[in-house]
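Colleague: got a sequence here, can you build the structure:
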Amino acid sequence: MTAAENVCYTLINVPMDSEPPSEISLKNDLEKGDVKSKTEALKKVIIMILNGEKLPGLLMTIIRFVLPLQDHTIKKLLLVFWEIVPKTTPDGRLLHEMILVCDAYRKDLQHPNEFIRGSTLRFLCKLKEAELLEPLMPAIRACLEHRHSYVRRNAVLAIYTIYRNFEHLIPDAPELIHDFLVNEKDASCKRNAFMMLIHADQDRALDYLSTCIDQVQTFGDILQLVIVELIYKVCHANPSERARFIRCIYNLLQSSSPAVKYEAAGTLVTLSSAPTAIKAAAQCYIDLIIKESDNNVKLIVLDRLIELKEHPAHERVLQDLVMDILRVLSTPDLEVRKKTLQLALDLVSSRNVEELVIVLKKEVIKTNNVSEHEDTDKYRQLLVRTLHSCSVRFPDMAANVIPVLMEFLSDNNEAAAADVLEFVREAIQRFDNLRMLIVEKMLEVFHAIKSVKIYRGALWILGEYCSTKEDIQSVMTEIRRSLGEIPIVESEIKKEAGELKPEEEITVGPVQKLVTEMGTYATQSALSSSRPTKKEEDRPPLRGFLLDGDFFVAASLATTLTKIALRYVALVQEKKKQNSFVAEAMLLMATILHLGKSSLPKKPITDDDVDRISLCLKVLSECSPLMNDIFNKECRQSLSHMLSAKLEEEKLSQKKESEKRNVTVQPDDPISFMQLTAKNEMNCKEDQFQLSLLAAMGNTQRKEAADPLASKLNKVTQLTGFSDPVYAEAYVHVNQYDIVLDVLVVNQTSDTLQNCTLELATLGDLKLVEKPSPLTLAPHDFANIKANVKVASTENGIIFGNIVYDVSGAASDRNCVVLSDIHIDIMDYIQPATCTDAEFRQMWAEFEWENKVTVNTNMIDLNDYLQHILKSTNMKCLTPEKALSGYCGFMAANLYARSIFGEDALANVSIEKPIHQGPDAAVTGHIRIRAKSQGMALSLGDKINLSQKKTSI
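Modeller: So this is what the prediction gives:
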């Protein structure tokens, strides 16, 4: 083993710019210098030894001139020095000088200063030479009875490590520590002693726990945590012990320490699946979420609750706690609220839906009173969507929810209003009994709607679902109120010329006869309004939209007017009233067309909108039965088809989800033996404490890797050639926010390579955390160098660099071997995710970076190509399978993924198979990628291009 591979517990940062001092100057400083210069010299010696220098000549000097000193700084440095200095001769025998060192440490173990005693005991934990430890054993035992807890707790640790490494030196350690534990009062000493018994003699630990099981609640939290771990391990290995300790775990749920409560709840769930146990653990988790202020803690504990819900047997228990879970909504963090609402929605049942809806309604009303904040709007959207889902699953609730939500149609936040509108549209189509209520509420809020998009939707709903004569009249009145005085062009010109006083702009007048473009007479219904129009902003809403040049709403209005006019004709038998209503509708369309062609709006009307309004005029003038069917029946049918398809899709996904959760065991299923189980199949049988430790260290195995070793070998990158003097290869280990490069460096020459340094640089959003330390490599020796690279965002990165070294004895300059580039793959950070169509469209409109990739492949099947893209980019296809099934020669699909940094990536695949080129023609088309950051869009495009090339080979 090289010096670099020796076990060392102390890492010291070395400044590289200083020149290494000579052995003679160090010897002089250590012999004749004052305390300060001796301290500096000792530091230099430590750094040189860490860099691979041997310095055997200084050992006796340090023993003679530095070891007797009583200075605390020097004593600390000596502990580091004796830890790293070679203590044996080349043939493995202990150096004679070490006897002197041993005697010095025996004196330190009897020193009156508790800090020196304690730090010496800590140092002894790191010694691996039994000959050195043997003479010190009586002094170590004596330290167990020292008055200060710092000495006692380090004495326990020293005894534990010595017993673990050299049992013959202290064979009675478990008994000694058990007696110490019974009489000890200090919490940290008890914790260390109990920890030792768990690992050294579990039976004694259990005996001790049995004697004091009723006092566990009074212990310190550090000891309680160790007790939870012991109970978990014992019950894990021997399930028959559960009954003995489960009461203790129940008691620990009431601990004052949040960490103990969390661990106890997690342990209780693994030990018992009884409803009372699950309820107690879930209640404990909910209390933790509410009381803890850190959002990360809240999210972690929420994830535990979600894991509980995934178990079919536990779901019913959690359903009773839905109202408690909703208390978490008091947290202002949006992510926590999002997870809480999703969990509550998954747990809602007919028993608790009413209470859930009441709470959500209160929350919605609260958001209206809060001062405007970005998260408030998003939270309101979440609440609206949750209420939407509740109403669809439990139709009885819709009548309570709709009146509250419809107030938000006039909200300034368009996204929240759009969600409400979508909900209202679905409710009015599904629930016939609520149509009257919805139309009535819609007419109430109609004039207050501020967004043109919401206005269009509201017009459509009113036009589609107004079925009585009174409602139709009310809709017409609202439309007239929203348009202001007509004809629009004339009144606007008069207003600009100052002929019309603002107060008189909208007047109450007798019914006057008007002549339409068709030459027919029409009665104009009078409209009274006392509100003066002071500024341009005070115009009626619809008039304002039209003067701003938004004529798409005019096309929507024309359709609505046509629908209600045709329905009015069918409802009212009186010919005069029929003609009067139809003429009024036609007059409104004609005046809008006139306005569109004039120079008054900011943007002229488009040809599409002109065609639409003209078509509606023609339909009203002819009133043919066919058009009546198209306008009043087929529109509603298409909405009905869309909603039923959406519902079917939701049911299908829920069915898949429930199938996943229902654990069914077949009679012919193989029996799994724990010893033969692959790592990724262990799940419940695995030690949770070990798992969490591995996760913290970033050593978790990915589930998709069937053979962990094979997957590791796939990630080895060769950095230099086999004929280079230094051969190097790297294993790239990608954790969540950093990359660990484990570089193997092999000296292929017969020379000793000094100051062998791995120099790295990065390209992209990568940052080298620390510079790897230089090494000394013996002839044909090898060493491992680890380097950490921090990752900040999802984009392709490149790590490049070289290895520089000096050949010992050679007078030439430093030698350099250039390394191959290491490409960091974006796929390590991208995970498939889901979002709604509305969210996808919103993000598509917002994201400013687009990358258009041309399809260039030899694949001939559209579906195969799509599956290949999904596999190579790690994205999820949002377009339902139904929409992609069948064969028509072209395909369009939306893909979505999210990075671990929370960045979204969208893609739209538009591909076709040119049939005119024959059956073997390759797929053609484009893939458009959109992302918030340029790096993400470009990296995904590069990935698609590379994967296409692979298929083309």
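Colleague: can we go C-alpha only for contacts and neighbour counts from here?
Modeller: OK.
Colleague: now stretch 772-789: buried residues?
Modeller: 773-778, 781-789 (16 or more other C-alpha atoms under 10 Å).
Colleague: give me the contacts around it.
Modeller: Applying C-alpha atoms under 8 Å, 6 or more residues apart in numbering, the contact partners of stretch 772-789 are 2, 4-5, 14, 51-52, 738-759, 766-771.
Colleague: again, only this time at 6 Å
Modeller: Stretch 772-789 has contacts (C-alpha atoms under 6 Å, 6 or more residues apart in numbering) with 738-757, 767-769.
Colleague: and which of the buried residues of stretch 772-789 is nearest to residue 452?
Modeller: For the buried residues of stretch 772-789, the closest approach to residue 452 (C-alpha to C-alpha) belongs to residue 789, at 49.5 Å.
Colleague: and the buried residues of stretch 772-789, which is closest to residue 460?
Modeller: Distances from residue 460 to the buried residues of stretch 772-789, taken by C-alpha to C-alpha, are shortest for residue 789, at 55.7 Å.
Colleague: how far away is the residue nearest to the closest one when sequence neighbours are not counted from residue 741?
Modeller: Distances taken as C-alpha to C-alpha, 6 or more residues apart in numbering put residue 768 closest to residue 789, at 4.5 Å, once the chain neighbours are dropped. Distance, residue 768 to residue 741, by C-alpha to C-alpha, to the nearest Å: 11 Å.
Colleague: tell me where the stretch 151-300 of the chain has helices.
Modeller: In the stretch 151-300 of the chain, the helices defined using DSSP state H, counting those that start in this stretch lie at 173-183, 187-200, 202-211, 221-237, 242-252, 258-271, 275-291, 295-310.
Colleague: how far is the third one from where the chain is centred?
Modeller: In this case it means helix 202-211. Offset of helix 202-211 from its chain centre (C-alpha atoms, centre = their mean, to the nearest Å): 42 Å.
Colleague: give the rounded mean pLDDT of stretch 197-215.
Modeller: For stretch 197-215, mean pLDDT rounds to 81.
Colleague: hmm, I was thinking of stretch 246-260
Modeller: In this model, stretch 246-260 has a mean pLDDT of 83.
Colleague: give me the buried positions along that stretch.
Modeller: Across stretch 246-260, burial judged by 16+ other C-alpha under 10 Å covers 246, 248, 249, 250, 251, 252, 253, 255, 258, 260.
Colleague: can you check stretch 294-304 too?
Modeller: 295, 298, 299, 301, 302, 304.
Colleague: what's the answer for stretch 85-97, then?
Modeller: By neighbour count on 16+ other C-alpha under 10 Å, the buried set for stretch 85-97 is 85, 86, 87, 94.
Colleague: which of these sits closest to residue 343?
Modeller: After measuring the buried residues of stretch 85-97 against residue 343 - C-alpha to C-alpha - the closest member comes out as residue 85, at 57.5 Å.
Colleague: next, that closest one: phi, psi?
Modeller: phi -70, psi 140 (degrees, to the nearest 10).
Colleague: what of residue 844?
Modeller: Dihedral angles (degrees, to the nearest 10) for residue 844: phi -60, psi -40.
Colleague: burial check on it, number of neighbours?
Modeller: Neighbour count for residue 844, taken as other C-alpha atoms under 10 Å: 20.
Colleague: skipping adjacent residues, who's closest to it in space?
Modeller: residue 930 (6.8 Å).
Colleague: between which two of the buried residues of stretch 772-789 is the distance greatest?
Modeller: The largest separation in these, counting by C-alpha to C-alpha, is between 778 and 789 at 28.1 Å.
Colleague: for residue 740, give me its contacts.
Modeller: For residue 740, the contacting residues are 733, 787, 788, by C-alpha under 6 Å, 6+ apart.
Colleague: in the sheet, who's paired with the last one?
Modeller: Each beta-bridge partner of residue 788 is listed here, defined by DSSP bridges: residue 740.
Colleague: cool, and the first one?
Modeller: Here residue 733 shows beta-bridge partners residue 740, assigned using DSSP bridges.
Colleague: give me the distance between it and residue 340.
Modeller: In terms of C-alpha to C-alpha, residue 733 sits 34 Å off from residue 340.
Colleague: more neighbours, these two?
Modeller: Of the pair residue 733 and residue 340, residue 340 is the one with more neighbours under other C-alpha under 10 Å, namely 23 against 16.
Colleague: which SSE is residue 123 in?
Modeller: Using DSSP states H and E, residue 123 maps to helix 114-124.
Colleague: which other helices and strands does that helix contact?
Modeller: Helices and strands touching helix 114-124, by 3 or more C-alpha pairs under 6 Å, 6 or more residues apart in numbering; DSSP states H and E, are helix 149-165.
Colleague: how about the CA coordinates for the helix it packs on, as CSV?
Modeller: Output of helix 149-165 as CSV, limited to C-alpha atoms (Å, rounded to 0.1, in the frame of the first residue of the first chain):
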residue,chain,number,x,y,z
SER,A,149,-17.9,13.7,31.6
TYR,A,150,-15.7,14.7,28.6
VAL,A,151,-13.0,12.2,29.9
ARG,A,152,-15.5,9.5,30.7
ARG,A,153,-17.3,9.6,27.3
ASN,A,154,-14.0,9.5,25.4
ALA,A,155,-12.8,6.6,27.7
VAL,A,156,-15.9,4.6,26.6
LEU,A,157,-15.2,5.3,22.9
ALA,A,158,-11.5,4.3,23.4
ILE,A,159,-12.5,1.0,25.2
TYR,A,160,-15.0,0.3,22.4
THR,A,161,-12.6,0.7,19.5
ILE,A,162,-9.8,-1.3,21.4
TYR,A,163,-12.3,-4.1,22.2
ARG,A,164,-13.5,-4.1,18.5
ASN,A,165,-9.9,-4.2,17.1
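Colleague: only the buried residues of it, if you could.
Modeller: Here helix 149-165 shows 149-163 as buried, counting by 16+ other C-alpha under 10 Å.
Colleague: and for stretch 862-881?
Modeller: Those would be 862-863, 865-866, 868-870, 872-878, for stretch 862-881 by 16+ other C-alpha under 10 Å.
Colleague: which ones among those residues are found in helices?
Modeller: 862, 863, 865, 866, 868, 869, 870, 872, 873 (DSSP state H).
Colleague: how much space separates the nearest residue to the first one once chain neighbours are set aside from residue 940?
Modeller: Nearest-residue entry for residue 862: residue 923, 6.5 Å, with adjacent residues in sequence omitted and distances by C-alpha to C-alpha, 6+ apart. Summarising the geometry, the distance separating residue 923 from residue 940, computed by C-alpha to C-alpha, is 20 Å.
Colleague: what about those two, which has more around it?
Modeller: residue 940 (27 against 22).
Colleague: in three-state terms, label that one for me.
Modeller: Under DSSP: H, G, I helix; E, B strand; the rest coil, residue 940 falls in the helix class.
Colleague: contacts only, for it.
Modeller: Residue 940 touches nothing, counting by C-alpha under 6 Å, 6+ apart.
Colleague: start at 407, not 1
Modeller: Okay, using 407 as the starting number, the last item reads as residue 1346.
Colleague: quick one: it and residue 1227, what's the gap?
Modeller: 20 Å.
Colleague: ok, residue 849 next?
Modeller: 66 Å.
Colleague: do residue 535 as well
Modeller: 44 Å.
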